[in-house]
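> Turn this into a structure:
(2 chains)
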Amino acid sequence: GENVEQHPSTLSVQEGDSAVIKCTYSDSASNYFPWYKQELGKRPQLIIDIRSNVGEKKDQRIAVTLNKTAKHFSLHITETQPEDSAVYFCARGQSGYSTLTFGKGTMLLVSP
Amino acid sequence: GAVVSQHPSRVICKSGTSVKIECRSLDFQATTMFWYRQFPKQSLMLMATSNEGSKATYEQGVEKDKFLINHASLTLSTLTVTSAHPEDSSFYICSARDTSGTSSYEQYFGPGTRLTVT
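Numbers count the residues shown, from 1 in each chain, chains lettered A, B, ... in the order given. Below is the predicted model:
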C-alpha cells in the first residue's frame, strides 16, 4: 500500500536543541518526499523536499535524509527556535501519479 | 512562489444547506488540484483529485454526490458540500500543482476554509 508512518506524534524540546522526526513508507515506487509545516489554523507550507536520487538535502537549519533501502526518511531541525513550534507532516509521492500520501503529523513544541 | 487562494476562509451554514468553496491558483495554471479535509489535530485526508476539463477522482469512502467538484478552468476548482450536516464540519484545504516549472511534484496549498454546520 501507500501508508506513511510518522513518529513521534508529539515532540518537546528546549530552544537550541535539535529535533528529529522520522517517517517510513511501504511503497517502493515512492520517489518524492516532501515535508510540510503547518501552524494552527493555517495552510501547510513546504519546508523541504527530497527526491529518491539523493540521500540528503540541507537548507540552513533544516535537513532531510532518505534511506531507500530501509524505506525511511527523516527531518532534522538544528538550533530550534520557539517559532519552529508547529505540526510537521511528512508525505510521499510517485512520479507519474500526482497525489501525495501524508503522515499523521508531529506536533513540535520548542520551549524558550 | 506559487500562490493558491481559497474562498471563503470561514463559513457557517445550517444543516441541509449547500456550501461552495473556491480554490484558485493566482499566478500559475493548475491542470490538477486536490481537495483535502482536516479534522482537529489530525492529518490531511485527500478527498478527491480535480482535473481540469474532466471528472474528479474521488478517494474511497468519499461520496461524489455529496461533495461536488468542478474544475472548469486552469485556475479554478470548486467544491460544493451538498445537504451539509454537522459531521461535515471540518477544515477544507485545496492544493494545486504547478507543472510548468522544474518541480512538477510540488503541491501549493490554499489557506483553507473552516466549515461549521449548525
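> tell me which strands and helices the strand ranked longest in chain A is in contact with?
Assignment by DSSP state E gives strand A:86-94 as the longest strand of chain A. Counting contacts by 3 or more Cβ pairs under 8 Å, 6 or more residues apart in numbering or on different chains; DSSP states H and E, strand A:86-94 is packed against strand A:4-7, strand A:19-25, strand A:32-38, strand A:72-77, strand A:97-102, strand A:106-111. Backbone N, C-alpha and C define where each C-beta goes, glycine included.
> End to end on stretch A:87-105, go ahead and measure it.
The straight-line separation of the ends of stretch A:87-105 (Cα to Cα, to the nearest Å) is 6 Å.
> ugh, wrong one, I meant stretch A:23-35
End residues of stretch A:23-35 are separated by 10 Å (Cα to Cα).
> need the helices for chain B, in chain order.
Using DSSP state H, chain B contains no helices.
> Tell me the residues on it that lie near chain A, please.
B:32, B:34, B:41-44, B:46, B:49, B:91, B:93, B:97, B:105-112, B:114 (Cβ under 8 Å from any Cβ of the partner chain).
> Are any of these buried, and if so which?
By neighbour count, with 16 or more other Cβ atoms under 10 Å in any protein chain shown, the residues of chain B next to chain A hold B:32, B:34, B:43-44, B:46, B:49, B:91, B:93, B:97, B:105-110, B:112 as buried.
> So what angle separates the directions of the worst-scoring helix or strand of chain A on mean pLDDT and strand A:19-25?
Lowest on mean pLDDT, DSSP states H and E among the helices and strands of chain A sits strand A:97-102, with a mean of 84. Here the directions of strand A:97-102 and strand A:19-25 differ by 130 degrees (axes from the mean of the first three to the mean of the last three Cα atoms, to 10 degrees).
> List the buried residues of strand A:97-102.
Under the neighbour-count criterion of 16+ other Cβ under 10 Å, strand A:97-102 has A:Ser98, A:Thr99, A:Leu100, A:Thr101, A:Phe102 buried.
> Centre of the chain to it, how far?
Averaged C-alpha coordinates place strand A:97-102 at 15 Å from its chain's average position (Cα atoms, centre = their mean, to the nearest Å).
> Who are the packing partners of that strand?
strand A:86-94, strand B:32-38, strand B:45-51.
> just the angle between the second one and strand A:97-102, please?
Going by the same axes, to 10 degrees, strand B:32-38 is angled at 20 degrees with respect to strand A:97-102.
> Once you drop chain neighbours, what's closest to A:His72?
A:Thr24 (4.4 Å; Cβ to Cβ, 6 or more residues apart in numbering or on different chains).
> which residues of chain B score low on pLDDT?
Scanning chain B for pLDDT under 70 picks out B:1, B:100-104.
> Run through the strands of it in chain order.
Assigned by DSSP E, the strands in chain B fall at B:4-7, B:10-13, B:19-25, B:32-38, B:45-51, B:57-58, B:67-73, B:76-81, B:90-97, B:107-109, B:113-117.
> beta partners for residue 94?
Since no chain was named, I'll use chain A. With DSSP bridges as the criterion, A:Gln94 is bridged to A:Tyr97.
> I was after chain B.
B:Trp35.
> In contact with it, which residues are there?
B:Val4, B:Gln6, B:Ile21, B:Cys23, B:Met33, B:Phe34, B:Trp35, B:Tyr36, B:Ser77, B:Leu79, B:Phe109, B:Gly110 (Cβ atoms under 8 Å, 6 or more residues apart in numbering or on different chains).
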